[in-house]
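Asks: Below are the sequence and a predicted model for it; my questions follow.
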Amino acid sequence: MDRRGILGALLSLPLLAGLAGCGFTPLYATGGLTGQMALISVEAPEGRTAYLLREQLDDALARDRSHPAAYRLALTLTEQRDPRGLGPSNTASRYELSLDVHYVLTEITGGKELRTGDQKVLISYPAVTPPYAGVVAQQDGQQRAAAEAARRIRLDLSQYFLKSKT
């Protein structure tokens with residue numbers, strides 16, 4: 001390590017000590033929200049995008065299958081693909097994928113509804129001429145839409161659990 005790196009490390013120690021003394025805990029630290037969010041079972045309808053969203057949420061929530069789920073997250077999806085822009089042959093040059101996700105978080109034991117929410121994600125992808133490339137572009141759009149929706153849902157649920165914890 002060079003002198004600047006050592007100096008930077010030494011100068012940051014008082015800042016870190018100050019954060020430790022004020023009770024600061026990162027959102028996903030041990031003892032934070034990870035334990036509660038790992039107990040959420042995600043239920044999604046049939047379909048490729050719904051499957052991708054469920055997989056993204058299972059990863060984002062760090063679903064712990066060694067413990068029974070305490071919460072159920074039920075998802076409903078509406079997906080729409082619209083052409084945008086015109087190419088030289090008067091055909092669409094891009095497509096816009098609109099993904100509307102409605103979710104409900106409930107306690108499994110009592111069935112109490114804890115949180116509901118809606119997320120709308122818009123993703124665009126190119127309209128390409130070769131058929132296989134078009135399928136790949138559409139699937140990539142679905143993957144990106146599912147990842148963005150999962151990110152937004154995870155953040156909303158994190159805020160809910162953080163507020164209910166305090």
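Replies: The structure has been received and is ready for your questions.
Asks: can you give me the helices for the chain?
Replies: 3-21, 34-37, 48-60, 131-165 (DSSP state H).
Asks: now these as a markdown table including distance to residue 100?
Replies: No exception for glycine: its C-beta is placed from N, CA and C like everyone else's. Output for these, formatted as a markdown table (distance: least, C-beta to C-beta, whole Å):
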| stretch | distance to residue 100 |
| --- | --- |
| helix 3-21 | 39 |
| helix 34-37 | 23 |
| helix 48-60 | 11 |
| helix 131-165 | 9 |
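Asks: so which of those helices gets nearest residue 95?
Replies: Evaluated over the helices of the chain, closeness to residue 95 peaks at helix 131-165, with 7.1 Å, by C-beta to C-beta.
Asks: Give me the buried stretch members for the closest one, please.
Replies: 137-138, 141-150, 152-154, 156-158, 160-161 (16 or more other C-beta atoms under 10 Å).
Asks: Quick check: residue 75 touching residue 99?
Replies: No. Using C-beta atoms under 8 Å, residue 75 makes no contact with residue 99, being 11.0 Å away.
Asks: residue contacts, residue 84?
Replies: The contact partners of residue 84, by C-beta atoms under 8 Å, 6 or more residues apart in numbering, come to 92, 93, 94, 95, 96, 124.
Asks: Among those residues, which one has the most neighbours?
Replies: Most neighbours among the contacts of residue 84, by other C-beta atoms under 10 Å: residue 95, with 19 neighbours.
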